[in-house]
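A.B. asks: Need a 3D model of the following:
(one chain, ligands or ions: 1)
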Amino acid sequence: MIYLDYQATTPVAPDVAKAMEPWFEDKFANPHSPSRWGHEAQAAVEVARKQVEKALGLKGGTVAFTGSATEALNWALKGTAENARAKGITGRNRIVTVATEHAAVLDTCEWLAEQGFDLTVLPVQPDGRLDLDLLARELDGRVLLVAIMMVNNEIGVRQPLTAISEMVHKVGAIMLSDAVQAFGRVELCNGPDLVAISAHKIHGPKGIGALWMRKGKEPAPLIHGGGQEEGLRSGTLSPMLCVGFGAAAKIADERWQRDYDHVQKLWAAAVHALGDGWIINGSIEHRYPGNLNIRREGVDAARLIADLRDIAFSLGSACASGSGRPSHVLRALGLDYRESRSSIRLGFGRYTKQHELVDACTRIAAHAVAQEKLDA
Ligand code: PLP
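C.D. replies: Numbering: from 1, shown residues only. Purely as a prediction, here's the structure:
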């Protein structure tokens, strides 16, 4: 199989699997127990936390582990809303986000709107970038929180989060950023107060994410119980998953630039191998090059995926592929139903070999041309 779905998930790095192994087998203690074994597990969790914090490179805050980035985003949004409600800040009732966000943000924002918050979902330009003048017009003293991702999971487009955070802070609002696709792949933007990440997108294990929180901006807890994670996120931590996340973060911190250079070369090779007739969805200039989202007039993308079963690629996000609905991200770029059904996402990264990618792209292009002939 040629794996070209790096935005859905990434293969676990061999050194990550090795680091996790003892914590799966012998070292089973509860990291919150007072025993010597418990202390050992807790120490391993704290090393992992430091590794994740170092790789993030953000100043003035700490990381709390969660079960996923979805949980981290739910927590950040609902917990910030709860803080505002508890303090009785009735004047700050607005949440601003963008139409191309992940469902973990959009659906949670919709839920908050049902609870009485005033939600604004901003459109994007045809290249997937946010118009900062439009954002500026929306920002005022009524805004509680702004949620904008760093790198889009479907089209790879990057938003200028450092500049956006400055604008958001000027009106005294809180900036949340989904950095799931950015962390470990590009240099993170400084500025957001809350940053959500996930281990399985950086060659770590599934089932663990984290929320980085600027001191003083911690959201109210979403999960109550034993008071772990400074009372902010209850539940027994898994030392195995934390150690895996820490090891993956350490490796990413050491080699993200090398990985970036690699995907940049792969991007050029893929575009060349696909040949003419394809249109790239989203900005070419402002993007993470490990994502290539393309469309071709008349292609049935679902059929393409079904015909090429030994190549793992997708229609958009893994969630969108399952639902059969056309991608909300492509629709936000202005693509019509037919155009989004003719789009595919190729995602590649650290372990992708150029010859495999070129082989896959050549076959995808040949099948697309064959479809055209068959349908003509
Ligand atoms: N945000 C983005 C941009 C993603 O790509 C994903 C994963 O698909 C998530 C959030 C959710 O991450 P997790 O799988 O850790 O819940």
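A.B. asks: quick one, what contacts residue 331?
C.D. replies: With contacts defined as Cβ atoms under 8 Å, 6 or more residues apart in numbering, the neighbours of residue 331 are residue 340. For glycine as for every other residue, the C-beta is placed from the backbone atoms N, C-alpha and C.
A.B. asks: One more pass at 10 Å, please.
C.D. replies: 99, 100, 325, 337, 339, 340 (Cβ atoms under 10 Å, 6 or more residues apart in numbering).
A.B. asks: With residue 364 instead?
C.D. replies: Taking Cβ under 10 Å, 6+ apart as the test, what residue 364 contacts is 4, 270, 273-274, 278, 294, 296, 299, 304-305, 307-308, 311, 313, 344, 346.
A.B. asks: Tell me if I am right that it is in a helix.
C.D. replies: Yes. Applying DSSP: H, G, I helix; E, B strand; the rest coil, one finds residue 364 inside a helix.
A.B. asks: Please shift the residue numbers so they start at 650 in all later answers.
C.D. replies: Sure, I'll start numbering at 650, so the last one becomes residue 1013.
A.B. asks: What separation is there between it and residue 836?
C.D. replies: According to Cβ to Cβ, to the nearest Å, residue 1013 stands 31 Å off from residue 836.
A.B. asks: Ok, residue 1007 next?
C.D. replies: 28 Å.
A.B. asks: who has more neighbours, these two?
C.D. replies: residue 1007 (16 against 11; other Cβ atoms under 10 Å).
A.B. asks: From residue 990, how far off is the residue nearest to the more buried one when sequence neighbours are not counted?
C.D. replies: Once flanking residues are discounted, residue 1007 sits nearest to residue 922: 4.4 Å by Cβ to Cβ, 6 or more residues apart in numbering. Applying Cβ to Cβ, the value for residue 922 to residue 990 is 23 Å.
A.B. asks: so what's the closest residue to the ligand within the stretch 850-999 of the chain bridging to?
C.D. replies: Taking Cβ to the nearest ligand atom, the ligand has its nearest neighbour within the stretch 850-999 of the chain at residue 858, 4.5 Å off. Residues in a beta bridge with residue 858, per DSSP bridges, are residue 715, residue 847.
A.B. asks: Surely it touches residue 717?
C.D. replies: Yes. Under the criterion of Cβ atoms under 10 Å, residue 858 makes contact with residue 717 at 4.5 Å.
A.B. asks: Look at those two and report which has more neighbours.
C.D. replies: Per other Cβ under 10 Å, whichever of residue 858 and residue 717 has more neighbours is residue 858, with 27 against 19.
A.B. asks: could you list every residue that touches that one?
C.D. replies: By Cβ under 10 Å, 6+ apart, the neighbours of residue 858 are 713-722, 724, 753, 829, 845-850, 890, 894.
A.B. asks: Give the full set of residues in contact with residue 1009.
C.D. replies: 651-653, 919, 922-923, 957, 959-962, 995, 997, 1001.
A.B. asks: sorry, back to before: in which helix or strand would I find the residue nearest to residue 1007?
C.D. replies: helix 888-923 (DSSP states H and E).
A.B. asks: pLDDT averaged over that helix, what's the number?
C.D. replies: In this model, helix 888-923 has an average pLDDT of 98.
A.B. asks: for stretch 994-1014, same thing?
C.D. replies: 98.
A.B. asks: what does stretch 945-956 give?
C.D. replies: On average, stretch 945-956 scores 94.
A.B. asks: Flag every buried residue along it.
C.D. replies: Of the residues in stretch 945-956, 945, 948, 950, 953, 954 count as buried by neighbour count, 16 or more other Cβ atoms under 10 Å.
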